[in-house]
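Chemist: Need a 3D model of the following:
(one chain, ligands or ions: 1)
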Amino acid sequence: MLNIDLTGRRALVAGVADDGGFGFAIAKALAEAGASVCVGTWPPALNIFLNLLERGKMDESRRLSDGSLLNFEKIYPLDAVFDTMDAMPEDLRTSKRYKDVGDCSIEGLAGRLVADFGELPLDIVVHALANGPEVKKPLLETSRNGYLAAISASAYSLVSMVSRFGPLMRPHGAFASLTYMASERVIPGYGGGMSSAKAALESDTRLLAYEAGRKWGVRVNTVSAGPFASRAASAIGIIERMVAYVQANAPLGEELVASEVGTATAFLCSPLASGITGTTLYVDKGFHTMGMALEAPPG
Ligand SMILES: NC(=O)c1ccc[n+]([C@@H]2O[C@H](COP(=O)([O-])OP(=O)(O)OC[C@H]3O[C@@H](n4cnc5c(N)ncnc54)[C@H](O)[C@@H]3O)[C@@H](O)[C@H]2O)c1
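Modeler: You can find the predicted model right below:
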């Protein structure tokens, strides 16, 4: 039988801080396939996440098909805006949420992985994070700082992760990230430079696939997911409208569920996808293929 078997492989999923986003769904799918899963969590969200886990608030969503609970091998603090701790401003480093977590830069995480698991600790790295402080602002009203912050957190972070985690990957490793079709089509309301960040992420996916493929033999792909009401997406302010519009107009007229993004990403990171790199895989119920709306937007 052909199935996704990731037994004996270790994944790092960066961007998990609750059970309501794509990162969690991907972690769960990877665990279903047999991988051990470490996560990287943004320090401002770390304590709440640990607390929810400890109090069993996520037990239902952690339940795997064999009845066991999804267990994270390690939960690391990660702020993907910083390549090294030297780059972090002193006031942030000494602030309440950061002062006790240690080195939460991308390089710091690479060091922790090596210290915990040895020279080649990883098979799979998933970039499931984004941040655009001015996402609610139209591009015309976006400040330079807001724009650069969106690109830094949501696109450059992948470049930095591939360059720092690439050397830690075992043979046939795979990177995946999450993108959105606002990179190539106009989505009014998805502002603050987030559309630009996703365009950069997709372009970088192709170049990183080439450079990291030649250098370390790893694959780099991105999944273009349809709209889904995660915590981050809810910050956009129009996510319910986006979800309803896609459901009304996509070839498959049904709501996207996070596990569909989870299983597609697990496939992309598995040996079954060994011939696929540099690609953008749409997991959006086919919405990207449409050139004409069937119904007026709700509301
Ligand atoms: N939800 C959607 O509609 C949708 C559609 C397409 C693509 N995506 C993409 O999916 C990915 C995951 O987002 P999601 O929608 O599942 O929401 P989410 O809230 O589950 O995930 C975003 C995560 O990014 C983390 N994060 C933010 N800034 C960070 C930083 N500097 N360092 C480390 N972590 C940081 C947050 O703590 C959070 O855990 C993002 O790249 C997002 O753009 C989402």
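Chemist: and the closest residue to K136 other than its chain neighbours, how many neighbours?
Modeler: Residue nearest to K136 in three dimensions, not counting chain neighbours: G237, with 5.5 Å by C-beta to C-beta, 6 or more residues apart in numbering. Using the backbone N, CA and C atoms, a C-beta is placed for each residue, glycine as well. Applying other C-beta atoms under 10 Å, we find 11 residues neighbouring G237.
Chemist: N51: how many residues sit nearby?
Modeler: N51: 10 neighbours (other C-beta under 10 Å).
Chemist: any idea how far the helix or strand containing it is from the chain center?
Modeler: Using DSSP states H and E, the element containing N51 is helix 43-54. Taking C-alpha atoms, centre = their mean, to the nearest Å, the mean C-alpha location of helix 43-54 is offset from the chain mean by 18 Å.
Chemist: Buried ones in that helix, by neighbour count?
Modeler: Along helix 43-54, these residues count as buried under the neighbour rule (16 or more other C-beta atoms under 10 Å): 43, 45-46, 49, 53.
Chemist: Does it pack against any helices or strands, and if so which?
Modeler: strand 72-77 (3 or more C-beta pairs under 8 Å, 6 or more residues apart in numbering; DSSP states H and E).
Chemist: Next, the angle from the helix holding N51 to strand 72-77.
Modeler: If you take axes from the mean of the first three to the mean of the last three C-alpha atoms, to 10 degrees, helix 43-54 sits at 150 degrees to strand 72-77.
Chemist: got a list of contacts for helix 43-54?
Modeler: For helix 43-54, the external contacting residues (C-beta atoms under 8 Å, 6 or more residues apart in numbering) are 16-19, 41, 58, 75, 77-79, 97-98, 101, 104.
Chemist: cool, stretch 275-295 as well?
Modeler: By C-beta under 8 Å, 6+ apart, stretch 275-295 touches 179, 181, 185, 202, 205-206, 209-210, 213, 219-226, 246-254, 256, 260-261, 264, 268.
Chemist: again, only using 6 Å
Modeler: Here stretch 275-295 makes contact (C-beta atoms under 6 Å, 6 or more residues apart in numbering) with 181, 202, 206, 209, 213, 219-226, 246, 248-252, 256, 260-261, 264.
Chemist: repeat for stretch 254-266
Modeler: Under C-beta under 6 Å, 6+ apart, the answer for stretch 254-266 is 4, 22, 25-26, 28-30, 33, 176, 223, 225-226, 228, 247, 283, 285.
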